[in-house]
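Chemist: only geometry, no sequence info:
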């Protein structure tokens, strides 16, 4: 879909909240999703490239 919105879900450790939100919206054709964490111990740490990619950060 050409008009997909890039949504970045963020929580501290990328362990429960943001990965769950990513999973809920993964198959929604209106959005492309990623999840990241802010803590150094996060499973996937947020990078500048993630913020540049995102149209919406939650």
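Modeler: Perfect, I can see it now. Not measured: the values here are computed from a predicted model. Numbering: from 1, shown residues only.
Chemist: Quick one: residues contacting residue 4.
Modeler: 29, 30, 31, 32 (Cβ atoms under 8 Å, 6 or more residues apart in numbering). In short, each C-beta sits where N, CA and C put it, glycine included.
Chemist: 6 Å - rerun?
Modeler: Under the criterion of Cβ atoms under 6 Å, 6 or more residues apart in numbering, the neighbours of residue 4 are 31, 32.
Chemist: Buried ones in the lengthiest helix in the chain, by neighbour count?
Modeler: Counting by DSSP state H, the longest helix found in the chain is helix 17-25. Within helix 17-25, the residues scored as buried using 16 or more other Cβ atoms under 10 Å are 17, 18, 19, 21, 22.
Chemist: Which one of the residues you listed is nearest to residue 47?
Modeler: residue 18 (14.2 Å; Cβ to Cβ).
Chemist: Would you check that the closest one makes contact with residue 8?
Modeler: No. With contacts counted by Cβ atoms under 6 Å, residue 18 stays clear of residue 8, the gap being 8.5 Å.
Chemist: follow-up on the earlier one: now render the buried residues of helix 17-25 as CSV, adding distance to residue 39 and pLDDT.
Modeler: Converted to CSV, the buried residues of helix 17-25 look like this (distance: Cβ to Cβ, whole Å; pLDDT from 0 to 100):
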residue, distance to residue 39, pLDDT
17, 12, 96
18, 12, 96
19, 14, 96
21, 17, 97
22, 17, 97
